[in-house]
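Colleague: need coordinates for the below:
(chains A, B, C and D)
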Protein chains: 4
Amino acid sequence: MIDRYTRPSLAKIWSDGRRYETWLKVELAACEAMEAGGQVPAGTAAEVRAKAAGQLDAKRILEIEERTRHDVIAFLTHVQDLAGPAARWLHLGMTSSDILDASFALLMREAADEIIAGVDRLRAVLAAKAKAHRDTLMIGRSHGIHAEPIVAGLVFAGFFGEVGRARRALLTARDEISVGKIAGAVGTYANLSPDLEARALAALGLRPEVVPTQVVARDRHAGYFLALARLGTAIERIALTVRHWQRTEVGEAQEAFGKGQKGSSAMPHKKNPILSENLCGLARLLRAYASASLEDVALWHERDISHSSVERIIGPDATGIADFMVQRAAGLVEGLVVYPERMAKNLDHTGGLYFSEGVMLALVRTGMARQTAYEMVQKHALAAAAEVGTGAPPSFRARLQADPEIAGRLSAGALDQAFDLRHHLRWSGSIIDRALDERAT
Amino acid sequence: MIDRYTRPSLAKIWSDGRRYETWLKVELAACEAMEAGGQVPAGTAAEVRAKAAGQLDAKRILEIEERTRHDVIAFLTHVQDLAGPAARWLHLGMTSSDILDASFALLMREAADEIIAGVDRLRAVLAAKAKAHRDTLMIGRSHGIHAEPIVAGLVFAGFFGEVGRARRALLTARDEISVGKIAGAVGTYANLSPDLEARALAALGLRPEVVPTQVVARDRHAGYFLALARLGTAIERIALTVRHWQRTEVGEAQEAFGKGQKGSSAMPHKKNPILSENLCGLARLLRAYASASLEDVALWHERDISHSSVERIIGPDATGIADFMVQRAAGLVEGLVVYPERMAKNLDHTGGLYFSEGVMLALVRTGMARQTAYEMVQKHALAAAAEVGTGAPPSFRARLQADPEIAGRLSAGALDQAFDLRHHLRWSGSIIDRALDERAT
Amino acid sequence: MIDRYTRPSLAKIWSDGRRYETWLKVELAACEAMEAGGQVPAGTAAEVRAKAAGQLDAKRILEIEERTRHDVIAFLTHVQDLAGPAARWLHLGMTSSDILDASFALLMREAADEIIAGVDRLRAVLAAKAKAHRDTLMIGRSHGIHAEPIVAGLVFAGFFGEVGRARRALLTARDEISVGKIAGAVGTYANLSPDLEARALAALGLRPEVVPTQVVARDRHAGYFLALARLGTAIERIALTVRHWQRTEVGEAQEAFGKGQKGSSAMPHKKNPILSENLCGLARLLRAYASASLEDVALWHERDISHSSVERIIGPDATGIADFMVQRAAGLVEGLVVYPERMAKNLDHTGGLYFSEGVMLALVRTGMARQTAYEMVQKHALAAAAEVGTGAPPSFRARLQADPEIAGRLSAGALDQAFDLRHHLRWSGSIIDRALDERAT
Amino acid sequence: MIDRYTRPSLAKIWSDGRRYETWLKVELAACEAMEAGGQVPAGTAAEVRAKAAGQLDAKRILEIEERTRHDVIAFLTHVQDLAGPAARWLHLGMTSSDILDASFALLMREAADEIIAGVDRLRAVLAAKAKAHRDTLMIGRSHGIHAEPIVAGLVFAGFFGEVGRARRALLTARDEISVGKIAGAVGTYANLSPDLEARALAALGLRPEVVPTQVVARDRHAGYFLALARLGTAIERIALTVRHWQRTEVGEAQEAFGKGQKGSSAMPHKKNPILSENLCGLARLLRAYASASLEDVALWHERDISHSSVERIIGPDATGIADFMVQRAAGLVEGLVVYPERMAKNLDHTGGLYFSEGVMLALVRTGMARQTAYEMVQKHALAAAAEVGTGAPPSFRARLQADPEIAGRLSAGALDQAFDLRHHLRWSGSIIDRALDERAT
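Modeller: Predicted coordinates for the structure are as follows:
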C-alpha cells in the first residue's frame, strides 16, 4: 500500500496492530464457544481479553517471529506473556489457519464495505449527472468517428448501470468470503466440533466453510479479486471517456482544475485529465492482482502456503487501490465541468452528416433496395465529409437535394423529417429513467 | 478451436454456417416485431425465411466481404440475393451490432448451457466418489507433508463444493450476457423503439441492454470469461490432486489406463496422469482469455470495435476448452482408480506422528502451558520423524512413553485416547453430508 | 488459428501434415547420426525416407492415436506401416520429446522468420513515412491536450525505434528456442550420446539443450511468447495513434478506404479506423498468450506434460496472430492518408498557446523567478484557453503584450523570438536521422 | 513494498528521500551541461548543490504538492526555498518527465544491480550443489512418475542454466532502461539541444532516448518487468522442485529447519517447505506486475500519464520482491539438506522397472520390431508395477527371464547389460561440466 493511493480508513484495516487484534478477537470467539461447550474453564476468554485486548505490541510479536519463523505461534507466545496461564486455553485443537482465515475474512469484508460505500457514492453522482444532462445534446461516436446524436445523460446512465453490475459482483464476492473455519489441522474437527465452530463464527458474523481443509478454499478469494478487477475496469471506462472528452479538439468536458494547480512544469497553458489517467493506470493493477489470485486457488492437497505471500500483498493493495479508485472516480464525476455549448458545436461539425441513415431509410421506404439507397447516400456523404474541417460550408443536405433521383423520391418536407433531431432523440429520457431504476440488470 | 480439445457440439455452435443462420434469426425476429408495429409489410419475415433460412452460403458471404470489408453488409447482400425485394425491409433502422450482439448472446448462452450440463455431470461423479469414499482413510497433507488423517470422501466433497461455486458464477454470467439490443446506431432507437426491441428480443429469449450504446456493454462478456477462468481453475485443483496422488511414491489413485494405451514412447513401464496434466494446461488458457476479455471493456465512447477480434477468437476457444475440460474432468473422476490399501499404508508411514497434536492437547489439559507442551512433543516428534523412511520401526509413541515428564502426566490409557483414529474422524461423514446438500454455499 | 487472422504461410507451418513431416525429418536426422556412429545399419534413413517422406497420412495417424492415446507412438506405427522393417531402427534410445521439441523448435523458428520478415516490411514503411513527413508540422500532445509543436515524421521515427527494439527481442527469442535434445527419457543419453545428438541437431540447424531433462527447458519458449507480446504491444501503440488521428475532431490521418468498402451497415457516412482497432484487440491476445506461457515453465521434476495443451494452441495462434499483425500494420502505415493541412489547422487551434513555455523562459532569463514567471504566464494562458473553441479570435499573444509587467521585460521582438516555430523545431530532422540509423538502441 | 519481503537495500532505493535526491542529481547534471553550454551562469549548480543536496525535506515537498497537485513543481519550489535565486536556473527548458524518467532509470538500474548480484550468489550456490551431487544417484521423474535414473547434480545444473538465461534477459533489460531524455515538453529540444542532453546524461551514466516524446518509451520498462517475471518463474521452478523433494513420501531433500523454528501451531511434528512455497507465491506476483507493465506501453500521442500510478507501485514492489526472491532462493539452495540414502531407497522403489527401455532396445537389436518389443516389455512392466508399494518383492527382472520369448533372445549377460546403472549414467558428469561453463546458452 502506498500512501498516495490509500485512504486512511483502508490503511487502518491492514495495519499490523489491527491484524493482531483481529486474531485475538477470533481466538476469543473460539474460546468462548469452548467455554459454552465446557472444554475450557468459564471466564478464560474474559480474563485474556482484559489483559491482552488492545494491548498487543506488534513489534514484540515480529521479534518473536524472527526466532520461531511462525507468525501465529509468535502471536500466541506474546498473548501468553501478557495474559498469563489463562492463555494456555487459547487455540485449543485449532491450527493457525483457523485464526488467519477467519481474520482475513473479517478484514476483507470490512474493506469490501468501505469499497461498496464508495461505489454507492459514485453511483449517486453518476445518477445526478445523468439527470442533469438528460437533454444535453452531443454527438455519439463509434470508432471515434461521429455517428449519430445522443444526449450526455445517456453516457452517465450507462456508467451507472455498469458500476451497478460491478457492485452486484462485489456483493456476491463479499458473501463468498464471509466464511471461516475453526476446524483444526486438516479441517476434520479432530479436537473440535462443527457446533463449536458454528457458535464461534456466528459471533464473528461468519459462516463455516462447507468442506474445510486446513484452510478456507481459495476460489472464494479469487472471486473477490476478480470482482475488484471488474470494478476497476468499469471505472476505467468512465475515466477513459473523460480523457476523450477533455482532448483539446473535443473539449466537451474537463476535470475540475484546482486553484493553484499546475498542469505541467514546462507548459503553463496545460490542464490535463490527470485524475482520469491515474484511474486508468490503477485499473491495470487490479487486473494484475486478480490474475495472481487465480494462481492461488489450486493448492496442494489439504493446503500449501504459497497463497500467503500473494495475499499479504494483494489483500491490502487491491482493496486499498479499489477503495481509492471509487472515491477518486466519484470526485472526478462530481467535479466534472461539462461544456454543452462545445458539445453543440461539435454536433454541428459535420453539417448533419449523421442524418445519412435517416435519409437512406426514407429512400428504402419509397421502395428502393437497401444497398442501392446505401450507395446513393454514401456517395454524397463521403463527398460532404471530405470537406469537413476545411472551412467549407456543410454541403450534405444540399448535395442530396441536388440529386434528381433523390429529389424525385423525397420532397423537401420528407428530407426535413429525416433531419429532425427531436424525433431522433425521442427515447433518450425513458432510457435514462429505466437505467436509474435500481432493479435494472 | 482445435479439434483435439473441442467437442463436436461446441464446434457446431461456433461454425460459420451456424453464425450466419443465427444472424438471420435475429433479423427475422426484428422484422416480425416491425410487422407487428406496422413499420414493415406483414409477411415479409415469412417470405425471407422461406427463401433464405437454412440456405445461407457461408463461402459466398465471405467472398462478398472481401469487397465490402464489412461482414454484416456482406450477409445482408447475400440474403437479398436469395430472398429478393422482400429483403429490403430487413435491418431497417438497425445497425450491425444489433445483429451481432444478440447473436453472440444466443451462441454464448448455448455454449454456457453445454458447459453447465458438463458441470452437472462432473458434480454428479464427484458426489458419487465422495459417498463411495466416506470411510476411506488417508493421510491429510499440508505443505505436501503428512499432517493428520482424513477420509478420501472429504476431498471429493470439497471439489463438489468448489465446482458448485464455479457453477453459480457461471449461472450469473449466463444471465448477465442474456442481453441484446435492437436500438440502432448509437443505441437511441432513432428509427426504432424500445417496444419493438422488447418484442424482438423476447422472441429470442433475451432482454434489452439497460443503456445500449452501439453495442451491449462488454463488462457482461468479461464477467462470463472470468467465470470460465474460475471454472477452469476449480478443475485444475482436481487435476493437480490426481497428479499428486498418482506420483510413484504416493500411489493412492491413478487415472484409468486404457487397453492398448502407451504411457511413453521410450519407457514401457510408464502410466502417466496425462489427462490431469492436460487439464492443468488448459486452465492456464482460460485464465489468459479472461485477462484479454477485461481489456475489451473500456471501449471508446459509444463503441469501438477492438473487442471484436478478441471475441472472435476467445468466444469459441474459451467456451470450447471449458466444455472439453468439464467433460474430461468428469471422465477423469469417474474412471479414477483409488487404492485404499495404499492410502492405509501411507497413513502408517510415519508411525502415528500425526497424533502429535492430540498428545500436546492432552498435556495442556493437565495444566501444562501450551508452548511448553508443544516443545516437549516436538522434540520426540522430530526425532521419530528423522527415522521415517530409513526402515527403522516407528518410535514416536515409544519415545513419548519413555519420557518421564510425559508419562507422569499421561497414563497409557490417556495416550491411547490421543492415538484414537476413530475419534479423530468422527465428523467426516457429517461434513460430507452437508457438502452434498445443494443449498450449501 | 482462425482464417480471418492467419496468413496461408503461417497456416501451412502449423498444419497436421507439416508437423508429421517435421517429426520424420527429426527422426531421420537422428537415424543418420546413428548410422554415422555405427549403432544403426547404413542406409536405414535413406530407405525410410524413400518410403515415407511426403507420404504421411495425418488422418491415419490420428486414428491410431485414438487407440494408443500417444501421438508419437501413433506416428511411429504409421511410419512402420509405410516403411517396413527398416523403421524399427527409428527412435532408438529416444523419447517422444526428443522428436517433439526439436520439431517444435524448427516450426517456431520458421514462424519467427516469417514474423521478422514482416517486421522488416513494417520498419521499411515506417522509415519511409518518417522521411516523407520530416517537415510536416503538427501539434504534439500530452495527456491528449495540445502541448507543443512537433513534426509528424518524429512519430513514425519513434515507432520505427520501438518496433526495432521488439525485433531485437524477437531475434534473441528465436535464438533461445533454436535448441533441441536427442538425449532420451530423462535427458541422460542412457542409450545415446552427446556426440550423436550434436550431429543430429546440427543437421537440423539446432544446438543441444545445455542440461536436457525429458524436455527442452520451457523458459525458452516463454521468452519467445513474451517477445511476441512485446511486438504486439509496439504495434498497438501505432494503431492507437492512428485511431486518435482519425477521430472526427482531429482528422489528421485516415486509414485507406477501399473502393466499395462500407463503414457501417446503418450509417453511409462512416469511415472507421477498423484495421487499427483490430490490431489493438489482437495485441491483447498476444499479451494473454504470454501470460499462459509463463505458467508452463515450472514443470515437475524432469518434466510434466501440462505445457503441451497450452503450446498446441498458443504455438500456432500466437505466431499466426503476430504474423498477421505485422503485415496488417505494414499495410496500414503504407496506405495511411495523412492530412497536413488539417494538422496545420489543428496546430493553429489554440492560437499559439503552445509558446507559453518559451515566454516563461524568456521571462526567467530577464531575472524573474521561475515560479513567478510560471504563474504570470499561466494566468494569460488559461484565460486564452477558455476561449478556444468558442469562435473568439486567439488572444494569448495580445494578452501578454497588454500585461505591463511582461511588456516591461519583453520587447515585441523578444516575444517574436518566443513565438518562432522554426526555431522550435530546429532539431527534428536530426532526431529522425539518428532514429533511422540501424545502430540506434 | 512490505517489510516482510523487502531487503533494506531495496527499501532505501525506493524511499521518498532517495527519490528527491535523485531528482536533484538529474537537475544538477542538466544544469552543469547548461553551464558548459553557456545558457546558465557558471557556478549555479555548485551553489544549489551546496545549499540543497542532502537537505531535501520529503515531508515538506509532499505538503507543497497537496496544493499544486504536481510533484515536480512541488520539488522545484522546495529547492528554490532552500537554494534561493540560483535555483531559478534549474529546469530551464525542461519538462517534468526529463527529471522523472532519468531518475527512474537510475533507480531501476540500481535495483537491477542488486538483483543481479543476488542472481550471481544464487548461481554460485547452484553450481556448488551441482558439483557436490555429481554422483548422487536419484530417480528421474516424468509426469511425477518414476522414469529413469539421473544424478541430483543434473537438477542443480539445469537450474544454473535457467537462472543464467534469466540473468541474460535481465542484463538486456538493464541496458534497455539505461536511457533518459533532457529534451523538453514533447521531446523536440525546443529550448534545449541534443548536445546538452548527451552531456547531462553521460554524467549520469545514461544514454539519450532515440526518439524522445514527452517521455522515454515505455516498451523499455515493460521489457524490464518481463525480465523480472522470467527470473521469478525460474526461481519458482527451483522452489517447486524442493517442495516435491520434501514431500513426506519422497523425502529426498529438506529445507534447513532453524533451531527454535516451529512448523505448525497445531502439529509439533511438522517441517514444512515454507521458503519454497513462499517463493512460488511471489513468482505469481512478478508475473502479474509484468502483465500490468505491458498495458503501460501504448500511451496516447506524445504521452499520457496513466503509466505513472502503475510504476509508482510496481517499480518498488517488483524489484523489491525479485531482490528478496533471489536472496531467499540462494539461502534455500545453500541450506538445503539432501538425503542421498533416501534417494537411493526411492531409486530402488520399483525394483529396476526403469530399465524397461534398455530391455526393449536390446530386443530391437535382436531384430524384433519396435512395437512388438514395446508391448512384450510393457506387459511384464505393468504387472511388476502393480505390485510396487504392496510390499511384494520386485519382480520385473524375474518376469523377463521367465518369458521364453525374451529369454530366447537375451542371455542373462545381455539382461545384465540392460540393467547396468553405471552405463546408464556415463554422461552425467560431462553434462554438468558443460552446463557450468559460463558460455553455455
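
Colleague: what count of nearby residues applies to the residue of the stretch 301-441 of chain A found nearest chain D?
Modeller: The shortest separation between the stretch 301-441 of chain A and chain D is 3.7 Å, found at A:Ser309 (distances taken as Cβ to the nearest Cβ). (Glycine included, C-beta is placed from N, CA and C.) Neighbour count of A:Ser309, defined by other Cβ atoms under 10 Å in any protein chain shown: 27.

Colleague: ok, A:Asp120 next?
Modeller: 13.

Colleague: what's near enough to touch it?
Modeller: Going by Cβ atoms under 8 Å, 6 or more residues apart in numbering or on different chains, A:Asp120 touches A:Arg167.

Colleague: with the one 3 residues further on instead?
Modeller: Remark: with contacts taken as Cβ under 8 Å, 6+ apart, A:Arg123 is in contact with A:Phe160, A:Val163, A:Gly164, A:Arg167.

Colleague: how close does the second one sit to A:Asp113?
Modeller: Here A:Val163 is placed at a distance of 17 Å from A:Asp113 (Cβ to Cβ, to the nearest Å).

Colleague: okay, these two: which has more neighbours?
Modeller: Ranked by neighbour count (other Cβ under 10 Å), A:Val163 and A:Asp113 place A:Val163 first, with 23 against 12.

Colleague: so A:Leu286 is in which element?
Modeller: Secondary structure assigned from DSSP states H and E places A:Leu286 in helix A:274-295.

Colleague: that helix versus helix D:274-295: what angle between them?
Modeller: Comparing the axes of helix A:274-295 and helix D:274-295 via axes from the mean of the first three to the mean of the last three Cα atoms, to 10 degrees yields an angle of 140 degrees.

Colleague: continuing past helix A:274-295, what's the next helix or strand?
Modeller: Using DSSP H and E, the helix or strand that follows helix A:274-295 in sequence is helix A:306-335.

Colleague: just the angle between that next one and helix D:274-295, please?
Modeller: 30 degrees.

Colleague: so the residue of the stretch 301-441 of chain A closest to chain D is in contact with D:Leu286, correct?
Modeller: No - using Cβ atoms under 8 Å, A:Ser309 is not in contact with D:Leu286, being 11.2 Å away.

Colleague: please name the nearest non-neighbouring residue to A:Ala124.
Modeller: Excluding the flanking residues, the one nearest A:Ala124 by Cβ to Cβ, 6 or more residues apart in numbering or on different chains is A:Ala330, at 7.9 Å.

Colleague: would you mind writing the CA trace of stretch A:301-320 as CSV?
Modeller: Presented in CSV, the C-alpha positions along stretch A:301-320 are these (Å, rounded to 0.1, in the frame of the first residue of the first chain):
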residue,chain,number,x,y,z
HIS,A,301,-3.8,-31.4,-1.0
GLU,A,302,-5.3,-30.0,2.2
ARG,A,303,-3.3,-26.8,1.7
ASP,A,304,0.1,-25.3,0.8
ILE,A,305,1.1,-21.9,1.9
SER,A,306,2.0,-20.4,-1.4
HIS,A,307,-1.1,-18.2,-1.4
SER,A,308,0.1,-16.5,1.7
SER,A,309,2.7,-14.2,0.3
VAL,A,310,0.4,-13.2,-2.5
GLU,A,311,-2.5,-12.4,-0.2
ARG,A,312,-0.3,-10.4,2.2
ILE,A,313,0.4,-8.1,-0.7
ILE,A,314,-2.7,-8.0,-2.8
GLY,A,315,-5.1,-8.2,0.1
PRO,A,316,-4.1,-4.7,1.3
ASP,A,317,-3.0,-3.4,-2.2
ALA,A,318,-6.0,-4.4,-4.2
THR,A,319,-8.6,-3.3,-1.7
GLY,A,320,-6.7,-0.1,-0.9
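
Colleague: flag every buried residue along it.
Modeller: The neighbour-count check on stretch A:301-320 (16 or more other Cβ atoms under 10 Å in any protein chain shown) flags A:301-320 as buried.
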